[in-house]
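1. Provide a 3D model corresponding to the input given below.
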Amino acid sequence: MSVPRGRRGVTLDVEESAPLRRRLANPAPPSENGASMPSIPTPPPGLPASHPLQILKRSAIIGGTLYAMYDFNVFHNILHSPDVSHEWFKVGLAASIATMLLKGYVELYQGKKRGKKVEYDNFRSATHWTIFLLLTSWISFHMALSPVYGTFKTLVIMIGFGFGVLIQSALLIPVWGQNILSIALMTFFLQMYK
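-> Predicted coordinates for the structure are as follows:
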């Protein structure tokens with residue numbers, strides 16, 4: 001099936017025309033008349049994770065997300081608002097702490113100390129428990145914050161925190177630093193939260 005036209009007027013196979021498949025620098029198969037078609041060029045590689053621009057980008061995303069949460073008074077409302085369902089928030093904190101402990105067990109004890117390769121095949125049960133705990137914390141935090149912010153704004157806050165702080169921090173900080181920082185921040189937050 002050679003319907004779509006590629007770059008420079010060359011007819012491409014439908015599967016080869018998909019953007020992800022163009023990354024492969026395999027020469028294209030010969031055309032119908034036997035002439036060899038030019039190979040599809042590979043795109044330039046991205047910046048490495050330790051590049052200063054990547055670090056600056058991730059830091060800017062974290063800073064912008066934390067500023068937006070400060071602007072929404074999220075931290076103040078969590079700690080002091082009577083409208084926040086604190087029982088649900090405690091369930092979310094417990095699920096977050098359990099996720100952190102499970103992550104530390106798999107990465108530090110099983111991965112580093114026992115030398116087991118950290119992958120799905122070796123840790124199916126831990127992976128499923130992590131998904132369950134993340135879903136539990138997501139629902140709990142949503143139930144806790146939705147009386148104050150409503151459904152849509154709560155989802156924006158949670159997605160912003162998940163993508164803008166947690167994922168960017170995980171990409172910015174090495175694993176050993178993530179575990180130390182998460183224990184320190186979680187302990188600090190538990191002392192602040194009443």
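2. ok, now how distant is residue 126 from residue 165?
-> Applying C-beta to C-beta, to the nearest Å, the value for residue 126 to residue 165 is 24 Å. In short, each C-beta sits where N, CA and C put it, glycine included.
3. what about this protein, any weak spots by pLDDT?
-> 1-44 (pLDDT under 70).
4. and with 50 instead?
-> Applying pLDDT under 50 to the chain picks out residues 1-26.
5. the chain: helices as residue ranges?
-> Assigned by DSSP state H, the chain shows helices spanning 52-71, 74-80, 86-104, 124-161, 168-172, 175-192.
6. please name whichever of these is nearest to residue 112.
-> When the helices of the chain are compared by C-beta to C-beta, helix 175-192 sits nearest residue 112, at 8.5 Å.
7. now do that closest one: everything it contacts.
-> Residues from elsewhere that reach helix 175-192 (C-beta atoms under 8 Å, 6 or more residues apart in numbering): 79, 93, 96-97, 100, 103-104, 107-108, 169-170, 173.
8. same check on stretch 152-172?
-> 49, 55, 58-59, 61-62, 64-66, 68-69, 72, 74, 138, 141-142, 145-146, 149, 178, 181.
9. kindly report the same for stretch 72-86.
-> Contacts of stretch 72-86 (C-beta under 8 Å, 6+ apart): 69, 89, 143-145, 147-149, 153, 157, 192-194.
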